[in-house]
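Asker: next one to model:
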Amino acid sequence: MIAQAGKEPTYEDLFLQNVQLKQELDQLKRLIFGSKHERFIPTPSAGQLALDIVIPSVVPPVAAMESIQYERKKAGSKPESEKVHTGRMPLPASLPREQIVIEPTEDVTGWKKIGQEITEELERIPGKLFVRQYVRNKYVKPTGETIVIGSLPDRPIAKGMAGPGLLAQIVIDKYVDHLPVYRQVQRFEREGMKLPISTLADWIGGTCGLLEPLYEVHRKQVLSMDYLQADETPIKVLDKAKKGTTHRGYYWVYHAPLPRLVLFDYREGRGREGPGECLKDFKGYLQTDGYAVYDDYGNRAGITLFHCMAHARRKFDEALENDKEPAGYVLTQMQELYAIEQTGREQSLSVQELYSLRQQQALPILKSLKTWMMDAYSKVVPQSTIGKALNYSLQRWDKLCLYAQDGRLQIDNNLVENAIRPVAIGRKNYMFAGSHNGARRAAMLYSFLGTCKINKVNPFEWLQDILRRMPSHPVNRLEELLPNNWVQSKS
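Answerer: Residues are numbered from 1 along each chain as shown. The predicted structure follows:
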C-alpha cells in the first residue's frame with residue numbers, strides 16, 4: 001500500500017510498505033542464492049515470525065485437528081528380487097557382445113580346461129556417417145522397344161540425400177538432447193562431411209512437412225480426451241517486424257494423463273484465443289493453474305474446471321522464510337495429502353480404490369485445512385507473503401479439492417509441467433525459434449517426442465521407423481503410427 005500523491009504517508013502505509021519491500025528482497029535473494037527445489041522438512045516452531053510483525057499467533061484450532069493414519073511400505077521391506085544390490089551395475093543383456101578370448105601366455109598343450117572367467121567392459125563406437133547406394137539395373141528387350149529399371153523406395157524427402165536415420169538423429173539431437181544445429185554441423189565436419197546450417201534447417205523443415213498429417217491426427221486424439229491438464233510456457237521467436245529484438249510467443253501444452261499423451265500448440269500470444277480454438281469442442285475435466293484465461297471454462301457446459309495443488313503449495317513455500325509458523329503448518333498438511341497419493345501409487349490402487357482412500361483420509365485434511373486458513377487469513381496482513389498465499393488458496397479451494405472426488409484425477413499439474421521441461425532446457429541452448437513457422441514445427445516435434453518419453457518409447461527408433469513408412473502409409477491408418485500406438489516395422 002502506498003500513500004496517495006500529495007498526502008503525508010501514515011504509519012500504517014509505511015509499515016506495510018516496509019513489509020512488502022522486505023519480502024521482495026527476500027524473494028530476490030532466494031532467486032539468486034537459494035535452492036530451487038521445494039522440498040519441505042517440518043521443524044519445531046520458533047515461536048516468532050521471521051519479520052517480527054505483530055500478528056496474533058495463528059495456531060490451528062484444536063477442534064479442527066484430526067488424527068490421520070495411512071500405510072506405507074517400510075524401508076528395507078522389499079523382497080530379495082526387488083532389492084538394489086551395491087557393487088558394479090550389471091550390463092543389459094540386450095546389448096550386443098563382442099567376445100575376445102584370451103589364452104594364458106604359458107604353453108597349455110595337453111592341459112584340461114576347468115572353466116573360464118568373464119570380465120565385461122562397456123564400450124562405444126561413435127556414430128558414423130555412411131553412404132547407402134541404390135544400384136538400379138536397367139534392361140531392354142532384344143527388340144529394343146521397352147526399357148525397364150527397378151523402382152527407388154519411397155524416401156522421407158523427395159530427391160533429398162538424407163536418409164531416415166540421419167534425419168531422425170538431427171531432430172533427436174536438437175529437440176531431445178538440446179544440441180543446436182550449429183554444433184551438429186561442427187560434429188559432422190569432424191566426421192569428414194561439411195554440411196551448411198541451411199541444409200540441416202531444410203532437412204528439419206522437410207521432416208516436419210512429412211509429419212504434419214500425423215500431427216493433425218495426434219491433435220484430434222489428445223483433444224478428444226475427457227480429462228486434460230493445461231499449461232503454457234514462453235518461447236522467444238525471431239520476427240522480421242521486430243528488428244533488434246525477439247517476439248515472445250507461447251507454447252500451450254495439453255496433457256492427457258490417462259492415455260499418456262501430450263500436445264504442444266504454438267501461439268503468438270498468451271491470450272484466450274489459443275485455448276479458445278483448441279478447446280472449443282472439449283468436454284470433461286480441465287486442470288489448470290490460477291491463470292485467469294482459464295476461468296471462463298469453469299462456466300461452460302460440459303467442462304469441470306479444477307486447479308493444481310502444487311501451485312498453491314508453491315505460494316506457501318515462498319512464504320516460509322518470512323512467515324515460518326503458518327506457512328510451515330500448511331506445508332505439513334499438504335505433505336500428508338501427497339503421502340496419501342504416494343500410498344495409492346505404491347499399492348497400484350484402482351480408480352475406485354484411490355477414490356475411497358481419498359474420501360477416507362484426504363477429505364478430512366482438506367476440510368480442516370480450509371477452516372484453519374479462513375481463521376488464519378483474518379489475522380495476517382493481506383499484502384504479506386503469507387496473506388497472499390492464503391488468499392490464493394481460499395479463492396480456489398473448492399477447485400483445489402475437486403481431485404478427491406474422482407480417482408482418475410491428479411492432485412496437481414506436475415505431469416504437464418514435466419512435459420514442458422525440455423522446452424525450458426532447449427531455451428538455454430538454442431535460445432529462440434527462427435520464425436513463427438519454426439516455432440510451430442517445434443511444437444509438433446515436442447508433441448511427438450514428449451509422448452514418446454511418457455510412453456517409454458525410444459524416440460530415435462520411433463522417428464526413424466516413421467520417416468521410413470510415412471511416404472507410403474495409408475492416410476486412413478495414420479493413427480497406428482502415433483507413439484502410443486506404434487509397433488516397430490520388421491523391415
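
Asker: assign residue 305 to helix, strand or coil.
Answerer: What DSSP: H, G, I helix; E, B strand; the rest coil gives for residue 305 is strand.

Asker: the strands in the stretch 151-300 of the chain, which residues?
Answerer: Secondary structure of the stretch 151-300 of the chain (DSSP state E, counting those that start in this stretch): strands at 227-238, 246-256, 261-267, 284-288.

Asker: let me see the contact set for residue 452.
Answerer: 458, 459, 462, 483 (CB atoms under 8 Å, 6 or more residues apart in numbering). C-beta coordinates here come from the backbone N, C-alpha and C atoms, glycine included.

Asker: how far off strand 261-267 does the strand or helix carrying it point, in degrees?
Answerer: Here residue 452 sits within helix 436-454, counting by DSSP states H and E. Between helix 436-454 and strand 261-267, the angle comes out at 170 degrees (axes from the mean of the first three to the mean of the last three CA atoms, to 10 degrees).

Asker: extract the CA atoms of helix 436-454 and return them as PDB.
Answerer: Provided in PDB are the C-alpha atoms of helix 436-454 (Å, rounded to 0.1, in the frame of the first residue of the first chain):
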ATOM      1  CA  HIS A 436       6.800 -18.400 -36.200                       C
ATOM      2  CA  ASN A 437       6.600 -21.300 -38.600                       C
ATOM      3  CA  GLY A 438       9.800 -22.700 -37.000                       C
ATOM      4  CA  ALA A 439       8.100 -22.400 -33.500                       C
ATOM      5  CA  ARG A 440       5.000 -24.300 -34.900                       C
ATOM      6  CA  ARG A 441       7.200 -27.000 -36.300                       C
ATOM      7  CA  ALA A 442       9.000 -27.300 -32.900                       C
ATOM      8  CA  ALA A 443       5.600 -27.600 -31.200                       C
ATOM      9  CA  MET A 444       4.800 -30.600 -33.400                       C
ATOM     10  CA  LEU A 445       8.100 -32.300 -32.700                       C
ATOM     11  CA  TYR A 446       7.800 -31.600 -28.900                       C
ATOM     12  CA  SER A 447       4.300 -33.200 -29.100                       C
ATOM     13  CA  PHE A 448       5.600 -36.400 -30.600                       C
ATOM     14  CA  LEU A 449       8.800 -36.700 -28.600                       C
ATOM     15  CA  GLY A 450       7.100 -35.800 -25.400                       C
ATOM     16  CA  THR A 451       4.600 -38.600 -26.000                       C
ATOM     17  CA  CYS A 452       7.400 -41.000 -26.700                       C
ATOM     18  CA  LYS A 453       9.000 -40.100 -23.400                       C
ATOM     19  CA  ILE A 454       6.000 -40.700 -21.200                       C
END
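
Asker: what about residue 446, how many residues nearby?
Answerer: Neighbours of residue 446 under the rule other CB atoms under 10 Å: 23.

Asker: in contact with the closest residue to residue 390 other than its chain neighbours, which residues?
Answerer: Take residue 390 and drop its neighbours on the chain: the residue closest to it by CB to CB, 6 or more residues apart in numbering is residue 377, 4.4 Å away. Counting by CB under 8 Å, 6+ apart, residue 377 makes contact with 387, 390, 391, 394.

Asker: quick check, pLDDT for residue 377.
Answerer: Looking at residue 377, its pLDDT reads 93.

Asker: tell me what residue 147 is bridged to.
Answerer: Under DSSP bridges, the beta-bridge partners of residue 147 are residue 140.

Asker: and it, what is it in contact with?
Answerer: Counting by CB under 8 Å, 6+ apart, residue 147 has contacts 138, 139, 140.

Asker: just give me the neighbour total for residue 20.
Answerer: Counted with other CB under 10 Å, the neighbours of residue 20 add up to 16.

Asker: wait, it touches residue 383, no?
Answerer: Yes. Counting by CB atoms under 8 Å, residue 20 does reach residue 383; the two are 5.9 Å apart.

Asker: pretty sure residue 203 sits against residue 161.
Answerer: No. Shown here, residue 203 and residue 161 do not form a contact pair, counting by CB under 8 Å, at 9.4 Å.

Asker: more neighbours, these two?
Answerer: residue 203 (21 against 10).

Asker: low-confidence ranges in this structure?
Answerer: Per-residue confidence for the chain (pLDDT under 70) gives these ranges: 1-7, 12, 23-24, 26-27, 29-88, 491.

Asker: so how far is stretch 374-386 off the chain centroid?
Answerer: Chain-centre distance of stretch 374-386: 33 Å, with CA atoms, centre = their mean, to the nearest Å.

Asker: circling back to that earlier point, among the contacts of residue 452, name the ones in helices.
Answerer: The members of those that map onto helices under DSSP state H are 459, 462.

Asker: among the contacts of residue 452, which one has the most neighbours?
Answerer: That'd be residue 483 among these, by other CB under 10 Å, with 26 neighbours.

Asker: sorry, back to before: let me have the contacts of residue 147 in CSV, extended by neighbour count and distance to residue 353.
Answerer: Output for those, formatted as CSV (neighbours: other CB atoms under 10 Å; distance: CB to CB, whole Å):
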residue, neighbour count, distance to residue 353
138, 8, 68
139, 9, 69
140, 11, 74
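
Asker: gap between the helix holding residue 452 and the chain center?
Answerer: 12 Å.

Asker: check stretch 220-238 too.
Answerer: 11 Å.

Asker: got TSV for the strands of the stretch 151-300 of the chain, with mean neighbour count too?
Answerer: As requested, the strands of the stretch 151-300 of the chain are arranged in TSV below (neighbours: other CB atoms under 10 Å):
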stretch	mean neighbour count
strand 227-238	20
strand 246-256	21
strand 261-267	25
strand 284-288	21
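
Asker: in what helix or strand does the residue located most distally from the centre of the chain lie?
Answerer: What lies farthest from the middle of the chain is residue 143; by CA atoms, centre = their mean that is 65.8 Å. Under DSSP H and E, no helix or strand contains residue 143.

Asker: pop out the phi and psi values for it.
Answerer: phi -80, psi -20 (degrees, to the nearest 10).

Asker: spit out the contact partners of it.
Answerer: Going by CB under 8 Å, 6+ apart, residue 143 touches no other residue.

Asker: distance of it from residue 136?
Answerer: 22 Å (CB to CB, to the nearest Å).

Asker: repeat for residue 181
Answerer: 33 Å.

Asker: more neighbours: which of those two?
Answerer: Shown here are residue 181 and residue 136; by other CB under 10 Å, residue 181 has more neighbours (20 against 9).

Asker: please name the nearest non-neighbouring residue to that one.
Answerer: Nearest to residue 181 is residue 200, by CB to CB, 6+ apart, at 5.0 Å.

Asker: now do the contacts for that neighbour.
Answerer: Per CB under 8 Å, 6+ apart, neighbours of residue 200: 170, 181, 184, 185.

Asker: residues near the first one, how many?
Answerer: Counted with other CB under 10 Å, residues neighbouring residue 170 total 22.

Asker: helices of this protein, residue ranges please.
Answerer: Using DSSP H, helices in the chain cover 11-33, 164-175, 181-190, 197-223, 273-278, 309-319, 324-346, 351-357, 363-377, 385-395, 397-401, 414-430, 436-454, 459-469.

Asker: how far does the fifth one sit from the chain's center?
Answerer: Looking back up the chat, that one is helix 273-278. With CA atoms, centre = their mean, you get 21 Å for helix 273-278.
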